[in-house]
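> Prediction below, plus the sequence it came from.
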Amino acid sequence: MMEISEAQFKQIEHCLPRQRGNVSMSNLNVLNAILYVAEHGCKWRGLPERFGNWHTIYTRMNRWSKSGVLDRVFEQLQQSQIVRIRIEAVSLDSTIVKVHPDGTGALKKKAAKALASLEEAGPPRFIWLPRMLERQ
């Protein structure tokens, strides 16, 4: 099981922001919950109750991720050889990706009308201009 102890946490504590105010959950508990999700691949709502409120954990993880704290923590975990974790790829579950009906092979309701001339069609509705990205 990928869970770190108090002694191991002391080695990486400097990477995490200092807790201020009325905080209901320790950084160690949040970090262990994040490691649990990484190990088991479960949804945030599927966290065991022993970790506490899943939404609090998710919110803190999201804030840490955006500010670069998680990168520093995982790097320190690797260097200290406390936990060996490597994130290589991100995948999307196809059940959550919406596809246009035309993309699923569904039959079209009516055929497009062919116009006799371009004047009848009117001005173009959009203009597509491909652009090259600048190389650094």
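Perfect, I can see it now.
> pLDDT weak spots in the chain?
Within the chain, the set of residues satisfying pLDDT under 70 comprises 1, 84-98, 101-136.
> Where do the helices of the protein begin and end?
For the chain, the helices identified by DSSP state H occupy 6-12, 27-40, 54-67, 69-79, 118-121, in order along the chain.
> So which of those helices is the most surrounded?
A comparison of the helices of the chain by mean neighbour count, using mean count of other C-beta atoms under 10 Å, puts helix 27-40 on top with a mean of 19. C-betas here are computed from N, CA, C, even on glycine.
> circling back to that earlier point, generate TSV for the helices of the chain, with distance to residue 19 as supplementary columns.
Below are those laid out as TSV (distance: least, C-beta to C-beta, whole Å):
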stretch	distance to residue 19
helix 6-12	13
helix 27-40	6
helix 54-67	10
helix 69-79	13
helix 118-121	64
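> so which of those helices gets nearest residue 48?
Go through the helices of the chain one by one with C-beta to C-beta and the one that ends up closest to residue 48 is helix 27-40, at 7.5 Å.
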